[in-house]
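[1] need coordinates for the following:
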Amino acid sequence: MTLRLDSTLRRRLGSSGLASTLRRRLGSSGLDFSSVAKQDTDVREGIALVRAAGGVPVFAHGMATKRGRVVGDDAIRAMADAGLLGLEVDHPDHTEEEREHLRALAGELGLIVTGSSDYHGTNKTTPIGACTTDPEQLEALLAAGTGSAPFRD
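    As a prediction, this is how the structure comes out:
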């Protein structure tokens, strides 16, 4: 099995020096960041795994049409039936109309509404905090988790 590393992780490994350290220890053929083989997890199984671990599964940027293909309402309903607990509504790639639609869908399905800047580092143009989660929704998100207590300062 080949280890798959997404672009963010590859960048961080490279900048931290960890990738070169691993290559030295494992040999030149020990890590292959270009060859990507993975097995997808069924979304229902993923939701069940997150819930079993005490986490709160939230579906992210479902209507980010700037990225191309989006997930339809029926798929989001099916995920909610499978145990999805939240829906990301406030996202930089969602238009106001998309946000209104997703907010209504989340309300219909009883899902927690989240927001995110989708910040993955300085290679992105969207700053941290561009989109946030409403404090009441954050409390609902934290209350829904059954795993470890979240860090709070």
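[2] would you map the helices across this protein?
    In the chain, the helices defined using DSSP state H lie at 7-16, 18-26, 43-52, 73-81, 96-109, 135-144.
[3] roughly how far does the closest residue to Gly54 other than its chain neighbours sit from Leu49?
    Among residues not flanking Gly54 along the chain, Gly147 sits closest, at 2.4 Å (C-beta to C-beta, 6 or more residues apart in numbering). Heads up, the C-betas are built off the backbone N, CA and C, glycines and all. Taking C-beta to C-beta, to the nearest Å as the measure, Gly147 falls 12 Å from Leu49.
[4] report how many residues lie close to Gly55.
    Using other C-beta atoms under 10 Å, Gly55 is surrounded by 16 other residues.
[5] how close does Val58 get to Thr122?
    Taking C-beta to C-beta, one finds Val58 at 25 Å from Thr122.
[6] pick out whichever of those two has more residues nearby.
    Val58 (19 against 8).
[7] I'd say that one and Gly115 touch.
    No. Using C-beta atoms under 8 Å, Val58 is not in contact with Gly115; the gap is 10.5 Å.
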